[in-house]
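*Asks:* got a structure for you, letters missing:
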């Protein structure tokens, strides 16, 4: 296409409303425009990137044997009531009424619609397995939409749902999708990790997240420096370290210490001139209304997802001040395990290896030192903390590294949660009726585009991976009024198009500086510069967006030279 | 693809909920499934047809110089308030509130969103013209959604909007789109007419509808049997016939006739033993609250759209009984023009040629005969009736034919209606600020698929035009367990795929009768039948869906034979 014939409204200033690079650059480079909070119009360049990603996804999903359908965006409440999520799903589900006052929602995910279809259309194990996907606009009424396409309200998603007659077959398809997702994100040119993840509100027995590595990402993931273990921070397992006999201290006797106004780990341990690893934090929580205590080493963080999964409660909140005073007898900051007979005490594994530690005294301005495990009762020791850098890998002798990233895909083993609720059954080979076993598999298309920018940008703009770039090559005509320049530009442009290369011809009547700046801002991977001097010297300048210096190619070899560098 | 690996849930019975062929066949042949009234899931075959139509539309729109974007489905009320349509647009606009109680709607059309974008991004006449399109899911809360994809609530539409600095340029682009639409529907393999149409709620100065000819269509269109004049029934112009002097009767004197309980044209004219063309109907309407009278010949139908456009009123309704009694002094059925001094009387052109006609007497159980134009005053004579078969063509000496059809596209010259309301202005070459001049251009994608079926089906099922068929060729293996049959089927299937033909291999373990029936029901244009006998005889059977008899091709020439017939 020709630059003069595409709407690319680049901005001089970085929009102040945008906090992260992808949001800033998509606005500045004319890829998207905001219509309302979390709701955008995709301008021509933005839509080209989306379509490129969608094409890769479709090809790989079809190669993996999945079939494409399109379900509606406006979904009747009956389906969500059947699955139980009409009441359970929070306010991110945008509910609405039609002119006849019937209840509908804008689908944020489509387990209900697809399970209802399968319930009607599938009868026998012979009809299984089946994997059905769609690429669709979804809506999630985020309370604080932000970061542009990263956390929008209206967004494009690929969602797939598979149905099986046996656990083994569901597991096989899970593996198939895991490999398919790897191929998709590899083809998108992204550095990513597939990590074990918690299943959250979707449910099911296990799941993997696909996380694009980027410092600006909202997610933390843990991975081993030796083996391929990787999990998100909510899921990453900590290993309880074994202590050698010579490391074990002699147990001393509990001693009360006056700690006026000292409520934090930092305050108490500094005062006692020890490290935070010598203190046990006692956190009071309410699990479905019941107070519980949780013990974690002073330098560790409790992982609430692990605690929630362990207790099996539906609602988990830190206890309010009043509850803390009532159950510990002291204000917040002085809680300790000794004397908390009334409630369950859950301790993190790391606490098991501690001797002569510090705890709160359950009394204002008092802590205890030389506390030992024999001084109180716990329900048990569990993996309750978040991993930290340097932790032992749970699978090998390597150690854990932490990375920031952006979740772009998520796959789940759903089991029979939805099929049982919605009556999606099949007859097995013996004629016995059974609920179908499900998996579901999502990719955020717009978020993948945003993540690609977060991972690939510099102070001049975007640096697209070639496979998802709106154009692979930009031909910058310096002084297009020069007939030779115009002819050469047109000729190279035509030849590239004929070879199937997505080429953009910058035919605008603008200064070279403006053209160079725009080409870097919009992030086209390869720039071919055609000017009078180059033509006179018989050399054409080619510059990769990632390189600081251009290369020069003989005019006679220019086409093959570009194709070489473009990797076509 | 392989039949065994696609979800094609064909039904044995025609679903009773479906009234028209396209709705029945899309359900029966497994193309769509209903999720709620007017809301459907597109199953794999249905989505393939949609994608084929979208591809043709995209190619032709881009060839015509339009750029693709994607606007949101959820649109903030502010934009619709600016254009004035938030209050004006009826209940088909589905309004909703987000979690912060802000008003939004589901976009049924996107003039507001695009005009707001242009208002922000376009400054100068140098940025114009521009034509921007999208292919998007829209929502229109129809009071009675029906006929499947023909009049759904959630539907896929291509909508385009063009912006210009001069009237001439807007007119040029209108012509460009008219030609583009013709190419699109030709490539879709449809028999259609581009007809002049009323602009309706979208507004603007002129418009054309694209109507696919089909008996089951909801629209009536008029076309000339000699020239290329064509218009929809709301717009088609009637020509006032000139009367020769010898045709003009001598005027008699008005006479009252006792017509007890006779209120209809049929009752009165039978009683007087004359044809309906001897009576003038007097219809009482309320135009923005004011009573008006309209005179139409007894055998003609008033066209309310013409009356509304003539009077320029916003709301036009037939007067209620009370109003009729008040203004005529008699119950409904006895109104006549004589004595209606208080109100404007609009007469249809055909009334001007009448002599000694019958009217109501404005008195219960009374009509008048031998009424003539001198007996009352009219505001004027206008084109107010709908055309009928045999009317004179307004452009030539031909005569009008009426056809039924389905509106699949509509193009409008919008003028400055939206740009003025929303402040979308540009600076012209003299630096003067002017509102941009707009056009808009829509195609119902799902409706085009439905219209294709309405035009192309028989008692056995759908007969797709090859260009939009989900598959161009189906290879039906008779007894796929026979190794020769399996090998030959696979070999032809592979060769067709390699040649870029969309081929479906019916590899199911089903009886030949079932396979033949399904292939006709789902409407694949060409069937290649591979059986043991054919292989033994060295001949392959090829049958076009439209032909009743197959042809036989030598096994050695089978590929080129299929490609010949498939038109590839």
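*Replies:* Perfect, thanks for sending it. The structure displayed is predicted, hence computed values, not measured ones. Numbering: from 1, shown residues only, chains lettered A, B, ... in the order given.

*Asks:* residue A:253 against residue A:370, yeah?
*Replies:* Yes. Assessed by CB atoms under 8 Å, residue A:253 is found in contact with residue A:370 at 6.0 Å. C-beta here means a position set from N, CA and C on the backbone, and glycine is covered the same way.

*Asks:* residue contacts, residue A:468?
*Replies:* Contacts for residue A:468 (CB atoms under 8 Å, 6 or more residues apart in numbering or on different chains) come out as A:49, A:52-53, A:56, A:188-189, A:449, A:452.

*Asks:* now those residues as a markdown table including neighbour count and secondary structure?
*Replies:* Output for these, formatted as a markdown table (neighbours: other CB atoms under 10 Å in any protein chain shown; DSSP: H, G, I helix; E, B strand; the rest coil):
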| residue | neighbour count | secondary structure |
| --- | --- | --- |
| A:49 | 27 | helix |
| A:52 | 21 | helix |
| A:53 | 28 | helix |
| A:56 | 21 | helix |
| A:188 | 22 | coil |
| A:189 | 17 | coil |
| A:449 | 27 | helix |
| A:452 | 29 | helix |
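
*Asks:* of residue A:253 and residue A:370, who's got more company?
*Replies:* Neighbour totals were compared for residue A:253 and residue A:370, and residue A:370 leads with 16 against 10 (other CB atoms under 10 Å in any protein chain shown).

*Asks:* quick check: closest non-adjacent residue to the more buried one.
*Replies:* Nearest non-adjacent residue to residue A:370, counting by CB to CB, 6 or more residues apart in numbering or on different chains: residue A:252, 3.9 Å away.

*Asks:* that neighbour: neighbour count?
*Replies:* The number of residues near residue A:252, taken as other CB under 10 Å, comes to 12.

*Asks:* then residue A:28?
*Replies:* 21.

*Asks:* that one and chain B: what is the separation?
*Replies:* 13 Å (CB to the nearest CB, to the nearest Å).

*Asks:* report the contact partners of the residue nearest to residue A:370.
*Replies:* Contacts of residue A:252 (CB under 8 Å, 6+ apart): A:356, A:370, A:372.

*Asks:* name the SS class of it, please.
*Replies:* Secondary structure, DSSP: H, G, I helix; E, B strand; the rest coil: residue A:252 is coil.

*Asks:* try residue A:397
*Replies:* Of the three states, residue A:397 takes coil under three-state DSSP.

*Asks:* show me the contacts for it.
*Replies:* residue A:226.

*Asks:* low-confidence stretches in chain A?
*Replies:* For chain A, applying pLDDT under 70 flags the ranges A:199-204, A:241-246, A:567-568.

*Asks:* spatially central residue in it, please.
*Replies:* residue A:407 (1.1 Å; CA atoms, centre = their mean).

*Asks:* contacting residues around it?
*Replies:* A:209-211, A:218-219, A:232, A:444, A:447.

*Asks:* closest one to chain B out of the contacts of residue A:468, please.
*Replies:* Minimum distance to chain B across those is 11.4 Å, recorded for residue A:49 (CB to the nearest CB).

*Asks:* from residue A:513, how far off is that closest one?
*Replies:* 26 Å (CB to CB, to the nearest Å).

*Asks:* same question, residue A:186
*Replies:* 36 Å.

*Asks:* for residue A:15, helix, strand, or coil?
*Replies:* Classified using three-state DSSP, residue A:15 is coil.

*Asks:* surely it meets residue A:24?
*Replies:* Yes. The pair residue A:15 / residue A:24 is scored as a contact, 6.5 Å apart, by CB under 8 Å.

*Asks:* ok, the two, which is more surrounded?
*Replies:* Set side by side, residue A:15 and residue A:24 show more neighbours around residue A:24, with 21 against 13, by other CB under 10 Å.

*Asks:* next, that one: secondary structure please.
*Replies:* Using three-state DSSP, the secondary structure recorded for residue A:24 is helix.

*Asks:* wait, isn't residue A:223 in contact with residue A:192?
*Replies:* No. The pair residue A:223 / residue A:192 is not scored as a contact, 11.5 Å apart, by CB under 8 Å.

*Asks:* which strands and helices sit next to the helix or strand harbouring residue A:161?
*Replies:* If you go by DSSP states H and E, residue A:161 is part of strand A:154-164. Secondary-structure packing of strand A:154-164 (3 or more CB pairs under 8 Å, 6 or more residues apart in numbering or on different chains; DSSP states H and E): helix A:44-63, helix A:111-121, strand A:130-139, helix A:167-187, strand A:437-444, helix A:445-455.

*Asks:* the helices in the stretch 301-450 of chain A, which residues?
*Replies:* For the stretch 301-450 of chain A, applying DSSP state H, counting those that start in this stretch gives helices covering A:304-311, A:321-328, A:417-422, A:445-455.

*Asks:* residue of the stretch 151-300 of chain A closest to chain B, please.
*Replies:* The stretch 151-300 of chain A approaches chain B most closely through residue A:154 (5.0 Å), counting by CB to the nearest CB.

*Asks:* same question, the stretch 451-568 of chain A
*Replies:* residue A:509 (9.7 Å).

*Asks:* what residues are up against that residue?
*Replies:* Applying CB under 8 Å, 6+ apart to residue A:509 gives the contacts A:480-481.

*Asks:* quick one: residue A:99 from residue B:457, how far?
*Replies:* According to CB to CB, residue A:99 stands 32 Å off from residue B:457.

*Asks:* do residue A:140 as well
*Replies:* In this view, residue A:140 and residue B:457 are 41 Å apart by CB to CB.

*Asks:* between the contacts of residue A:252, which is closest to residue A:345?
*Replies:* Set against residue A:345, the nearest of those by CB to CB is residue A:372 (14.6 Å).

*Asks:* now the closest one: closest residue in space, sequence neighbours ignored.
*Replies:* In space, residue A:372 is closest to residue A:251, 4.6 Å off (CB to CB, 6+ apart).

*Asks:* equivalent analysis for residue A:552, please.
*Replies:* Distance criterion CB to CB, 6+ apart; nearest residue to residue A:552, sequence neighbours excluded, is residue A:539 at 4.3 Å.

*Asks:* mind listing what the one you found touches?
*Replies:* A:552-555.

*Asks:* now swap in residue A:359 and tell me
*Replies:* So residue A:359 contacts A:279-280, A:282, A:336-338, A:367-368, A:371 (CB under 8 Å, 6+ apart).

*Asks:* can we see that at 7 Å?
*Replies:* Listed by CB atoms under 7 Å, 6 or more residues apart in numbering or on different chains, the contact partners of residue A:359 are A:280, A:282, A:336-338, A:367-368, A:371.

*Asks:* fine, thanks again, bye for now.
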